[in-house]
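Engineer: sequence plus predicted model, see below.
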Amino acid sequence: MNDILPEQTPVWQYLEKTVKDVLSAYGYSEIRMPVVEQTNLFKRSIGEVTDIVEKEMYTFDDRNGESLTLRPEGTASCVRAAEEHGLLFNQMQRFWYQGPMFRYERPQKGRYRQFHQIGVETFGMASSDIDAEVIMLSARLWKRLGLLDSVTLQLNSLGSNEARADYKAALVEYLEERKDQLDEDSLRRLDSNPLRILDSKDQNTQALLDAAPVLTDYLDQESKTHFAELTSMLDEAGIAYEINPRLVRGLDYYCKTVFEWVTEKLGAQGTVCAGGRYDGLVKQLGGRPTPAVGFAMGVERLILLLETLELIPESVKQPFDLYVAAEEKGIQSRIVLFADKLRDQFPGLRVRIHCGGLKNISQKAQQTGAPIVLLLKANDNQQLSGTIWYDKEPSFDLNEEQIVDKISGLR
Ligand code: HAM
């Protein structure tokens, strides 16, 4: 679990703001859920035999003996909240959320025990246009961030529950006959969650899967049509994708569309955003049948990617626009007041004043990296006058009025 230090927070804010701008362009509303839920919520939604539920949840009993869990993801909480507040039945909804998630995983670059997601969940829309929308929304975000060339969209359809059950049976039959060649993890999953074997990183198992039955061949007609409509919309929108028949995702609630945006630039933890359709989940959690589709992106991974590719604009890390310092002793209180006057005059202008020693002040002020530096002294009439530095160019001996005019011109 990491501290996010002041040097880093501007980058977080830059990413968060860019995401919010894109989400608002699509008319999504923010929802905020608690970070703790009843443990059963996650067991019932993510699935008992998934890595998350089996070994990654931070679960504890509260003082009442009730089992609670720090949320490992946002979808279950979002469904719980929306259902609890009557936001689902007969309605179409587009929500987004952001915040920390918790998974007891082995930490490594891009994988942490407290990490942050920004997620999107939509409800009440069964047709493929909304699948296309959420993917197009994410693509627009990559474009805004300059990432579009560095991420690839992997796409698959898991079909209906029935189709998946048929496929599961065929896969198990095939693998049962070759049990002795399976890696240990896959062998364990053969009984509990065979589709997850498709995700195995083991080379022998992957080779074995080359000749295994393919999920695509088992898709029901409705899912096939849904998927064909989706891919044709993506084609029209100019969004490239790779169909990956082995993409199954690690959470049990998905059906039909699943997708992941992956990059090769981050090593093993290359999935920066992932999601899909989960038409059965609302009902499974006690609501009426409600189609749903969504995704979540990993904020740490996106920031790592932006940093690796040097895509963070220089200005983002600078916390102030104007640095104001006294050039001589004895006028500090006037500096404080003058800076506040500037804040009144220029709402939004970020002004930081220099406090403390004045030795080499001109140099020190320049070194702050502020785009505008203002050095002040009092003239013979006790009026403030100053030098403004902008782009390494000084303008000397400006009176208060001229200072205001100059700043106004620079903004
Ligand atoms: P997920 O694939 O488990 O899906 O997580 C989504 C994203 O969160 C991942 O692609 C990754 O970027 C990030 N992430 C996951 N675990 C970690 C970790 N330990 N450290 C850093 N980043 C991580 C879900 O959570 C689903 N709720 C997504 C969804 C929303 N599906 C439908 N709606």
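Structural biologist: In hand now; what should we look at?

Engineer: check what pLDDT the closest residue to the ligand within the chain gets.
Structural biologist: In the chain, the residue found nearest to the ligand is residue 298; the distance is 2.4 Å by Cβ to the nearest ligand atom. For the C-beta atoms, the positions are set from N, CA and C on the backbone; glycine is no exception. Looking at residue 298, its pLDDT stands at 98.

Engineer: isn't it up against residue 114?
Structural biologist: No. With contact defined as Cβ atoms under 8 Å, residue 298 does not count as touching residue 114 (12.0 Å).

Engineer: neighbour count: the two, which is higher?
Structural biologist: When neighbours are counted by other Cβ atoms under 10 Å, residue 298 and residue 114 differ, and residue 298 comes out ahead with 23 against 14.

Engineer: ok, now which ones touch the more buried one?
Structural biologist: Residues near residue 298 by Cβ atoms under 8 Å, 6 or more residues apart in numbering: 110, 115, 116, 117, 271, 272, 273.

Engineer: the ligand next: which of these are close?
Structural biologist: 110, 115, 117, 271, 272, 273 (Cβ under 6 Å from any ligand atom).

Engineer: can you list those residues in CSV and add secondary structure?
Structural biologist: Formatted as CSV, those follow (DSSP: H, G, I helix; E, B strand; the rest coil):
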residue, secondary structure
110, coil
115, strand
117, strand
271, strand
272, strand
273, strand
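
Engineer: closest to residue 371 among these?
Structural biologist: Of all these, residue 371 sits closest to residue 272, with 31.6 Å by Cβ to Cβ.

Engineer: the closest one - how many residues pack around it?
Structural biologist: Applying other Cβ under 10 Å, we find 26 residues neighbouring residue 272.

Engineer: nearest spatial neighbour of it, skipping sequence neighbours?
Structural biologist: In space, and not counting its chain neighbours, residue 272 is closest to residue 301: 4.7 Å by Cβ to Cβ, 6 or more residues apart in numbering.

Engineer: in which helix or strand would I find that neighbour?
Structural biologist: If you go by DSSP states H and E, residue 301 is part of helix 299-308.

Engineer: contacts for that helix?
Structural biologist: By Cβ under 8 Å, 6+ apart, helix 299-308 touches 2, 8, 11-12, 15-16, 98, 109-110, 112, 115-118, 145-147, 150-151, 263, 265-266, 269, 271-273, 311-312.

Engineer: other residues contacting stretch 178-189?
Structural biologist: Outside stretch 178-189, the residues that touch it by Cβ under 8 Å, 6+ apart are 49, 175, 190, 196, 197, 200, 202, 204, 205, 208.

Engineer: got it, and stretch 105-120?
Structural biologist: Applying Cβ under 8 Å, 6+ apart, the contact partners of stretch 105-120 are 1-2, 16, 19, 23, 28, 56, 73-75, 78, 94-104, 134, 137, 266-270, 275, 294-301, 304.

Engineer: doesn't residue 234 fall inside a strand?
Structural biologist: No. Secondary structure assignment places residue 234 outside any strand; it is helix (three-state DSSP).

Engineer: how close does the nearest residue in space to it that is not next to it in sequence sit to residue 9?
Structural biologist: Spatial nearest neighbour of residue 234, excluding adjacent residues (Cβ to Cβ, 6+ apart): residue 241 at 5.8 Å. According to Cβ to Cβ, to the nearest Å, residue 241 and residue 9 sit 34 Å apart.

Engineer: filter the contacts of stretch 105-120 down to the buried ones.
Structural biologist: Neighbour counting by 16 or more other Cβ atoms under 10 Å classes 19, 23, 28, 56, 73-75, 78, 94-99, 101-103, 134, 137, 266, 269-270, 275, 294-301, 304 among the contacts of stretch 105-120 as buried.

Engineer: show me those residues that map onto helices.
Structural biologist: Among the buried ones among the contacts of stretch 105-120, the members falling in helices (DSSP state H) are 19, 23, 75, 78, 134, 137, 299, 300, 301, 304.

Engineer: report the two of those separated the most.
Structural biologist: For these, the maximum inter-member distance is 25.5 Å, found between 78 and 304 (Cβ to Cβ).

Engineer: look at residue 89 and say how many residues are nearby.
Structural biologist: By the criterion of other Cβ under 10 Å, residue 89 has 13 neighbours.

Engineer: hang on, I meant residue 41
Structural biologist: For residue 41, the count of nearby residues is 17 (other Cβ under 10 Å).

Engineer: kindly report the residues of the stretch 101-250 of the chain close to the ligand.
Structural biologist: Residues of the stretch 101-250 of the chain lying near the ligand by Cβ under 6 Å from any ligand atom: 103, 105, 110, 111, 112, 115, 117, 119, 121.

Engineer: right, and residue 241 touches residue 155 too?
Structural biologist: Yes. Under the criterion of Cβ under 8 Å, residue 241 makes contact with residue 155 at 4.5 Å.

Engineer: what residue ranges in this protein score low on pLDDT?
Structural biologist: For the chain, not a single residue meets the criterion pLDDT under 70.

Engineer: tell me where it has helices.
Structural biologist: Going by DSSP H, the chain shows helices at 9-25, 39-46, 51, 75-84, 128-145, 161-176, 184-192, 203-209, 221-237, 281-284, 299-308, 332-345, 361-367, 400-410.
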